[in-house]
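Asks: Next one to model:
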Amino acid sequence: MTMHRHTIRLLAALALAAALGAQAQGTAPIPMGTGPGVHSPDSPFAPLPQRPDVVPWSMLTAVKTKVEKNRVLPVFQQEQVALQNRPQRVQGFMMPLEPGEKQTHFLLSSVPLSCNFCVPGGPESMVEVKTRTPVRYTLDPVVVEGRFAVLNDDPYGLYYRITDAVDVK
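Replies: Sure thing, here's the model as predicted:
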């Protein structure tokens, strides 16, 4: 198994464990990382700048979840479903899935995962990205544009994907 598939499976397993643990205790399932995560004021990384030309994380993270057959599945609102199969721009922090200076397959997160003071969100705060051409890895925010997919039952527990993406300045 490649490193990126292992990472994606780990994220999905964490979300499932949180939901099933809550269910076993007789409480309502607690979605892993509800919302966009927390960007600490102590972070050495600046938060994402406001941009009117990108899909806001507040929209992407407004998804609900349900547990069905030992799986945590997203329940999308109409505003998220409306993004399906349309060109969209998303801004976030890169999480490489393979080693290397340039990436063609990575996750974008609403908070920097390399920040020790920040609390990452769950799968609703990440977008899987597959690019046409390699994008240089950076700790700074990046913006990509491509065909957006809303994932109802992804085997790796992801909720969103952008394919055929290009880096936008």
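Asks: Centroid-nearest residue for this structure?
Replies: M126 (0.6 Å; Cα atoms, centre = their mean).
Asks: Quick one: residues contacting that residue.
Replies: 11, 92, 95, 107-110, 158-160 (Cβ atoms under 8 Å, 6 or more residues apart in numbering). Yep, even glycine has a C-beta here, placed from its N, CA and C like the rest.
Asks: ditto for Q80
Replies: If you count contacts by Cβ under 8 Å, 6+ apart, Q80 has them with 59-60, 62-63, 150.
Asks: Quick one: mean pLDDT over the helix or strand containing L108.
Replies: Element membership of L108 [criterion: DSSP states H and E] is strand 102-109. Here strand 102-109 scores 95 as its mean pLDDT.
Asks: Which of the contacts of M126 ranks first by neighbour count?
Replies: When neighbours are counted by other Cβ atoms under 10 Å, S110 leads those with 29 neighbours.
Asks: Quick check, that one in contact with V54.
Replies: No - applying Cβ atoms under 8 Å, one finds S110 not in contact with V54, separated by 11.2 Å.
Asks: What residues are bridge-paired with the residue nearest to the centre of the chain?
Replies: Taking DSSP bridges as the rule, M126 bridges to S109.
Asks: so what's A18 scoring on pLDDT?
Replies: For A18, the pLDDT comes out at 41.
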